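Colleague: Got a sequence here, can you model it:
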Amino acid sequence: MKYEAFKKELKRAKLSVKAFAEILDMNPTSITNYRRKGNVPKHLAAIVVLLAALSERGIAYQEILEKAE
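Modeller: Sure thing, here's the model as predicted:
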């Protein structure tokens with residue numbers, strides 16, 4: 001996924017890069033570094049698309065993700 005498309009999906013999910021990084025226990029800089037490469041890895045793209053879809057459907061994914069702790 002292109003980085004710009006990734007950013008649009010983050011917006012659909014109502015997440016900042018920092019918040020997304022916190023969900024995945026990642027450093028936000030690691031995510032923003034993909035901007036230079038132009039693409040984000042497939043696993044990050046899949047996660048953000050799923051979170052955006054859940055968010056748009058009014059599903060509180062935060063509660064679901066807490067179970068993964």
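Colleague: I'd like to know how far the closest residue to Gly38 other than its chain neighbours sits from Ile59.
Modeller: Counting by C-beta to C-beta, 6 or more residues apart in numbering, Gly38 lies nearest to Tyr3, which is 5.9 Å off, once chain neighbours are set aside. In this view, the C-beta of every residue, glycine as well, is placed from N, C-alpha and C. Note on Tyr3: its distance to Ile59, by C-beta to C-beta, to the nearest Å, is 26 Å.
Colleague: that older thread, in contact with the residue nearest to Gly38, which residues?
Modeller: Taking C-beta atoms under 8 Å, 6 or more residues apart in numbering, we find Tyr3 in contact with Tyr34, Arg35, Lys37, Gly38, Asn39, Val40.
Colleague: Next one: it, what pLDDT does it get?
Modeller: On the pLDDT scale, Tyr3 is placed at 97.
Colleague: Need the residue closest to the centroid of this structure.
Modeller: With distances taken as C-alpha atoms, centre = their mean, the residue of the chain nearest its centroid is Val48 (3.6 Å).
Colleague: do you know how far it is from Tyr3?
Modeller: Distance, Val48 to Tyr3, using C-beta to C-beta: 11 Å.
Colleague: Lys18 too?
Modeller: From Lys18 to Tyr3 the distance is 16 Å (C-beta to C-beta).
Colleague: Centre of the chain to the top helix by length along the chain, how far?
Modeller: Criterion DSSP state H: the longest helix present in the chain is helix 42-56. Distance of helix 42-56 from the chain centroid (C-alpha atoms, centre = their mean, to the nearest Å) equals 6 Å.
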